[in-house]
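Chemist: The following comprises the amino acid sequence and a computationally predicted model.
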Amino acid sequence: MHESGIGGGAIQSTASESAMIAIVAARASYQRSYPDIKLEDLVIYVTSQTHSLGIKAGMVLGLAVRVLDVRSEDIYSLRGDTLSSALEQDATAGKKPFILIATVGTTSSGAIDNVREIKEVVKDHPYLRIHVDAAWAGVAFSCPEYREIGYLAEINDVADSFCTNFHKWGLVNLEASALWVKNRKYLTEALDVTPPYMRTKQGDNDRTLDLRNWHLALSRRFRSLKLWFVLRSFGVKGFQQHIRKSIGLNNLFVNLVKQSDIIEILVPPSLGLTVFRVKPPSQQRDNLESLNALNTAFFSRLSARDDIYLTQTLLDGVVCIRLAVGAVQTEESHIRSAFGIVVKEATLTIDEWKQRPVQSAL
């Protein structure tokens, strides 16, 4: 996004702000190209696994949001046929989708939208802007071996903007959300408000990069130095080592889970993330409602502890638990300890669950 000379990047506060800015820029560009289109006809595309940032941006901006369903058989990845079908339906209905938020590494499961197929679809829809939210997984692109599975080449071809958060997995504390844009004029044209008291000869000659036009606020926090310190301290190899170590530790957890007969993995592990649930070896009362109740109780036990912190999510109505590895000081001993805690609490939960009275269907 820099090679053309017309792109660029700036550090934002969060991925939510980055997405908001991308949507504002896309909306302004679309309205300039199609001035007769009504605001209520504009549509933001997200998927059922997109971070809440998409829906929140729609709420704030007063824009419609269409949620595209993604399928478990596609590992919750947005596929080209789903996008194409939605575009056809909205064209028939007179709606105007103007931006798609694609995700590399969804929050719930680490799913990666199929940007290769998305690229083929948008060839016939050049008005549709693409914002790639890689808030968590984007830093993995620092390692060459993860660029293909994340569709980095296709992202460079088709994305109008790209965001990743260094404060998630990138060794930096809040705030450090890096936003890149392919063509910065769409951003600055949408956000440039220059009253007389802000005019300078440098700005009037377009010789300065005025970052106040790259985000919503006028002033900016000083966020760059901490990122510079990390990159200078760790270097490329050190940063890559951190990413690979996290993924390796997650793979260790996966291998431990595979040896268990009461813990099962719900979706293929994604980089440093594993999604799992308790499933007792007995198939008695093995239905979604009872298993969800079991895993809700299981998560409550885990949450009550002060030596482990996991989060829960829902995938197609299935209650499951997320383990994400990414801290610089996490070691193999921590993963083995975490697995031991998971098994212990799972066993206790199952024992209590078995003693519950079976409800009659009559």
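Modeler: That came in fine, so what should we check first?

Chemist: what about residue 145, how many neighbours?
Modeler: 11 (other Cβ atoms under 10 Å). The way it works is simple: take the backbone N, C-alpha and C, and place the C-beta from them, glycine included.

Chemist: Tell me how far it lies from residue 239.
Modeler: Going from residue 145 to residue 239 by Cβ to Cβ, to the nearest Å gives 14 Å.

Chemist: number of nearby residues for residue 193?
Modeler: Residue 193 is flanked by 8 other residues according to other Cβ under 10 Å.

Chemist: Tell me the confidence at it?
Modeler: Looking at residue 193, its pLDDT is 78.

Chemist: And what about residue 213, helix, strand or coil?
Modeler: helix (DSSP: H, G, I helix; E, B strand; the rest coil).

Chemist: How many neighbouring residues does it have?
Modeler: 18.

Chemist: Can you give me every residue that contacts it?
Modeler: Applying Cβ atoms under 8 Å, 6 or more residues apart in numbering, one finds that residue 213 lies in contact with 187-188, 191-192.

Chemist: now do residue 122
Modeler: With Cβ under 8 Å, 6+ apart, residue 122 has these contacts: 83, 100, 128, 130, 158.

Chemist: Is the fourth one in contact with residue 123, as I believe?
Modeler: No. With contact defined as Cβ atoms under 8 Å, residue 130 does not reach residue 123; the gap is 11.7 Å.

Chemist: which residues in the stretch 51-200 of the chain form strands?
Modeler: Assigned by DSSP state E, counting those that start in this stretch, the stretch 51-200 of the chain shows strands spanning 64-68, 96-103, 129-133, 161-165, 177-181.

Chemist: could these be laid out in JSON lines, adding distance to residue 255 and mean neighbour count?
Modeler: Converted to JSON lines, the strands of the stretch 51-200 of the chain look like this (distance: least, Cβ to Cβ, whole Å; neighbours: other Cβ atoms under 10 Å):
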{"stretch": "strand 64-68", "distance to residue 255": "34", "mean neighbour count": "17"}
{"stretch": "strand 96-103", "distance to residue 255": "27", "mean neighbour count": "26"}
{"stretch": "strand 129-133", "distance to residue 255": "30", "mean neighbour count": "27"}
{"stretch": "strand 161-165", "distance to residue 255": "28", "mean neighbour count": "27"}
{"stretch": "strand 177-181", "distance to residue 255": "33", "mean neighbour count": "23"}
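
Chemist: For the ones you listed, give me JSON lines that also has distance to residue 43 and mean pLDDT.
Modeler: Output for those, formatted as JSON lines (distance: least, Cβ to Cβ, whole Å; pLDDT from 0 to 100):
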{"stretch": "strand 64-68", "distance to residue 43": "5", "mean pLDDT": "98"}
{"stretch": "strand 96-103", "distance to residue 43": "4", "mean pLDDT": "98"}
{"stretch": "strand 129-133", "distance to residue 43": "12", "mean pLDDT": "98"}
{"stretch": "strand 161-165", "distance to residue 43": "18", "mean pLDDT": "97"}
{"stretch": "strand 177-181", "distance to residue 43": "21", "mean pLDDT": "95"}
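
Chemist: Count the residues that sit near residue 237.
Modeler: 8.

Chemist: And what about it, helix, strand or coil?
Modeler: helix.

Chemist: nearest spatial neighbour of residue 188, skipping sequence neighbours?
Modeler: Once flanking residues are discounted, residue 188 sits nearest to residue 213: 4.4 Å by Cβ to Cβ, 6 or more residues apart in numbering.

Chemist: roughly how far apart are that neighbour and residue 313?
Modeler: Taking Cβ to Cβ, one finds residue 213 at 37 Å from residue 313.

Chemist: would you turn the contacts of residue 122 into JSON lines with distance to residue 92?
Modeler: Conversion of the contacts of residue 122 to JSON lines gives the following (distance: Cβ to Cβ, whole Å):
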{"residue": "83", "distance to residue 92": "15"}
{"residue": "100", "distance to residue 92": "18"}
{"residue": "128", "distance to residue 92": "16"}
{"residue": "130", "distance to residue 92": "22"}
{"residue": "158", "distance to residue 92": "24"}
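
Chemist: of all these, which comes closest to residue 31?
Modeler: Distance to residue 31 across those (Cβ to Cβ) is lowest for residue 128, with 14.5 Å.

Chemist: Would you mind measuring from the closest one to residue 119?
Modeler: 11 Å.

Chemist: Same check on residue 293?
Modeler: Taking Cβ to Cβ, one finds residue 293 at 43 Å from residue 119.

Chemist: Which one's more surrounded, these two?
Modeler: Per other Cβ under 10 Å, whichever of residue 293 and residue 119 has more neighbours is residue 119, with 19 against 15.

Chemist: tell me the contacts of that one?
Modeler: Residue 119 neighbours (Cβ under 8 Å, 6+ apart): 154, 157-158.

Chemist: any idea where the helices of the chain begin and end?
Modeler: With DSSP state H as the criterion, the chain has helices at 15-33, 53-61, 80-93, 115-122, 152-158, 166-169, 184-191, 201-204, 224-258, 288-304, 332-354.

Chemist: got the angle for the longest one vs strand 177-181?
Modeler: Spelled out, that is helix 224-258. Interaxial angle of helix 224-258 relative to strand 177-181 (axes from the mean of the first three to the mean of the last three Cα atoms, to 10 degrees): 100 degrees.
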